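Trainee: Fold the following and give me the result.
(chains A, B and C)
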Amino acid sequence: MTTAIWWIRRDLRLADNQALHAAIAAADQLIPVFVLDPTILKSEQVGDAAWRRVAFLFGGLRLLDAELRARGSRLVILQGNPTEELAKLASETGATAVFAEEDPWPYARSRDAAVATALRLHLVAGLTVHPPDAVLKADGTPYTVFTPFLRAWKSRPLPVPGGLLEPPSVPPVPQQVASLPLHAERELPPNALFVPGEAEAQRRLGIFLADHDLGIYHYAENRDRPDMEGTSQLSPYLRFGMLSARQVIVGALRKADDAPDEQDRHGADTWLNELVWREFYISIQAHFPETADHSFRRDLQAIAWENDEAAFEAWCAGQTGYPIVDAAMRQLWQTGWMHNRARMIVASFLVKDLLIDWRWGERWFMQHLLDADPSSNNGGWQWSAGTGTDATPYFRIFNPILQGRKHDPEGVYVRSWVPELAHVPLRYLHAPWEMPTDLQAAIGCRVGHDYPFPVVDHGWARERVLAAYARSRSAG
DNA sequence: TTTTGAGTTGTTCGA
DNA sequence: GTCGAACAACTCAAA
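Mentor: Next up, the predicted model:
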């Protein structure tokens, strides 16, 4: 009788789970384990900032437990240092091996290295369709520019072994193994935007892939409109592995192949590209772990950030006086999610307009986004800051007024998240300080009283950040 | 080794 | 209001 441990980390699913399959193939008894790691939970909890993520995770774990019980198994919850907890479990049960999905996040790698010194740890691919070492340049070094990476990625055959896509039957758990209860500080409200679980993830994927005005075929036209539900909103599910990258990418490729016309195919292609961006940033993190807390570009490591605490608080609270920025930050605070276009706008605003270190924004996103993934979040912030892998021209600075007018042309997004601006005429909605004072009084929205003045003048801030970047570049 | 083409997502200004 | 050019130079990838 051999016993194996399936160590679940960010792959909360039964279908298309290569680590689970490898574990099943190796053992007669299987112990599915999730270790509540204080290092992760603590670092994510500043105040109770991460309560929503924890609640989403715990909800997902409970549902995974229910799915396992329906198959005669169950989920074992442990708490503490993973090496100690797993070693203890292995000695109690006689488990001889641990199977887990590979994760290139620097903390995950050091954690796994520690576990591997104590136990036979098998790390199995699955976080991405193509593991970081599978997409390399001809000379064996990693890509650092997206487009060539995309070409190479697409030229690789898609590994789709048969049978993996269906949930497997799971061997039983030894009787004596104890599990801790899951108590979240706060539970997700019943009307939460995101309901956890593999079944919900599959349901949402099915809806996005179906033919309708807000589906994959219209993604290319709709994706930049935060006032519409034109994106898949699958990111929290990918983050916790309630869906596999392969399930999603196979879906996108099939829809691209089946597209009735060129425009539909373009929609599916555009969405696929976004998924390849995820793979790209995971590859970057695997090969350049130092970029987790440093600019990828060395010449931009010496920027003299302003780091004004009060300005940062205004940004966090959605009180900057720029409506599109405030709408987005309040959407994040209230739902744990933010539209992708809005992420770019608030990131550009924090870094370029407020001249605040991109790491501050990165941390805020990590704490509040349900989908916060170290690789994608870091890559996105470094891209916005212009410090990342794809050198964006230094002069690409978003104008929050123009971005608002362009991407929220009817003001629906701003009005739904910034209710004090609900009655501001569209003409002034993205620059309310330009409203005549008698109009402000008439509609009950006095700028400086009911809604803040801009924390910074965009034109002035633009010159300031250009100068700060120029100084760093000439110093480096 | 050298050369060549290209690089997610913009803004501003002046005609 | 619309349109095209300027905004710099640099690094990467591949031939």
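Trainee: CA atoms for contacts and neighbours, from now on please.
Mentor: Fine.
Trainee: quick one: least confident helix or strand in chain A?
Mentor: Scoring the helices and strands of chain A by mean pLDDT, DSSP states H and E places helix A:38-44 at the bottom, with a mean of 77.
Trainee: Which strands or helices does the longest strand seen in chain A pack on?
Mentor: Longest among the strand segments of chain A by residue count, using DSSP state E, is strand A:29-36. Where contact means 3 or more CA pairs under 8 Å, 6 or more residues apart in numbering; DSSP states H and E, strand A:29-36 is packed against strand A:3-8, strand A:76-79.
Trainee: contact partners of that strand?
Mentor: A:1-9, A:23-24, A:74-80, A:82, A:85, A:170-174 (CA atoms under 8 Å, 6 or more residues apart in numbering).
Trainee: Any of the residues you listed buried? List them.
Mentor: A:3-9, A:23-24, A:74-78, A:82, A:85, A:170-173 (16 or more other CA atoms under 10 Å).
Trainee: What is the three-state secondary structure of the closest residue in space to A:R74 that isn't next to it in sequence?
Mentor: Using CA to CA, 6 or more residues apart in numbering and skipping the chain neighbours, the partner closest in space to A:R74 is A:L68 (4.9 Å). Following DSSP: H, G, I helix; E, B strand; the rest coil, the label given to A:L68 is helix.
Trainee: measure A:L68 to DNA strand C for me?
Mentor: 43 Å (CA to the nearest atom of the strand, to the nearest Å).
Trainee: is it true that A:F149 touches A:E279?
Mentor: No. If you go by CA atoms under 8 Å, A:F149 and A:E279 don't touch, sitting 9.6 Å apart.
Trainee: I'd guess A:V456 is in a strand, am I close?
Mentor: No. Going by three-state DSSP, the assignment for A:V456 is coil, not a strand.
Trainee: Look at it and report its pLDDT.
Mentor: We have a pLDDT of 96 for A:V456.
Trainee: residues in contact with it?
Mentor: A:353-354 are the contacts of A:V456 under CA under 8 Å, 6+ apart.
Trainee: Which phi and psi values does it adopt?
Mentor: phi -150, psi 150 (degrees, to the nearest 10).
Trainee: next structured bit after the longest helix along chain A?
Mentor: Longest helix in chain A, counting residues (DSSP state H): helix A:262-287. Counting by DSSP states H and E, the element after helix A:262-287 in chain order, helix or strand, is helix A:309-317.
Trainee: Now that next one: buried residues?
Mentor: Quick answer for helix A:309-317 (16+ other CA under 10 Å): A:311-312, A:314-316.
Trainee: can you list contacts of the helix or strand following that helix?
Mentor: As assigned by DSSP H and E, the chain's next helix or strand after helix A:309-317 is helix A:323-335. Contacts with helix A:323-335, where a contact means CA under 8 Å, 6+ apart, come from A:192-193, A:315-320, A:337-339, A:342-343, A:345-346, A:349, A:368-369, A:400-401, A:403-404, A:413-418, A:429-431.
Trainee: Chain A against DNA strand C: which residues are in contact?
Mentor: A:137-138, A:142-145, A:148-149, A:151-152, A:392-395 (CA under 7 Å from any atom of the strand).
Trainee: The residues you listed into TSV, with extra columns for neighbour count and pLDDT?
Mentor: Putting the residues of chain A next to DNA strand C into TSV (neighbours: other CA atoms under 10 Å; pLDDT from 0 to 100) gives the following:
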residue	neighbour count	pLDDT
A:K137	13	95
A:A138	9	92
A:P142	20	95
A:Y143	21	95
A:T144	21	94
A:V145	14	93
A:P148	13	93
A:F149	21	95
A:R151	11	95
A:A152	16	95
A:T392	14	66
A:P393	8	74
A:Y394	13	72
A:F395	11	77
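Trainee: Among those residues, which pair sits farthest apart?
Mentor: By the measure CA to CA, A:A138 and A:F395 form the most distant pair in these, at 33.0 Å.
Trainee: before we move on, back to that, in contact with the residue nearest to A:R74, which residues are there?
Mentor: A:74-75, A:170.
Trainee: Return the residues in contact with A:A184.
Mentor: Neighbours of A:A184 in contact, by CA under 8 Å, 6+ apart: A:51, A:54-55, A:58.
Trainee: Roughly how far does it sit from A:L57?
Mentor: Counting by CA to CA, to the nearest Å, the gap from A:A184 to A:L57 is 9 Å.
Trainee: circling back to that earlier point, between the helices and strands packed on strand A:29-36, which gets nearest to DNA strand B?
Mentor: strand A:3-8 (28.3 Å; CA to the nearest atom of the strand).
Trainee: The helix or strand following the closest one - what's its average pLDDT?
Mentor: Sequence-wise, the next helix or strand downstream of strand A:3-8 (DSSP H and E) is helix A:18-26. Confidence for helix A:18-26, expressed as mean pLDDT, is 95.
Trainee: How about stretch A:55-64?
Mentor: 96.
Trainee: who touches whichever strand or helix holds A:W364?
Mentor: Assigned by DSSP H and E, A:W364 falls within helix A:358-368. For helix A:358-368, contacts defined as CA under 8 Å, 6+ apart pick out A:44-46, A:49-50, A:52-53, A:293, A:316, A:332-333, A:336-337, A:347, A:350-351, A:372-374, A:377-378, A:381-382, A:385.
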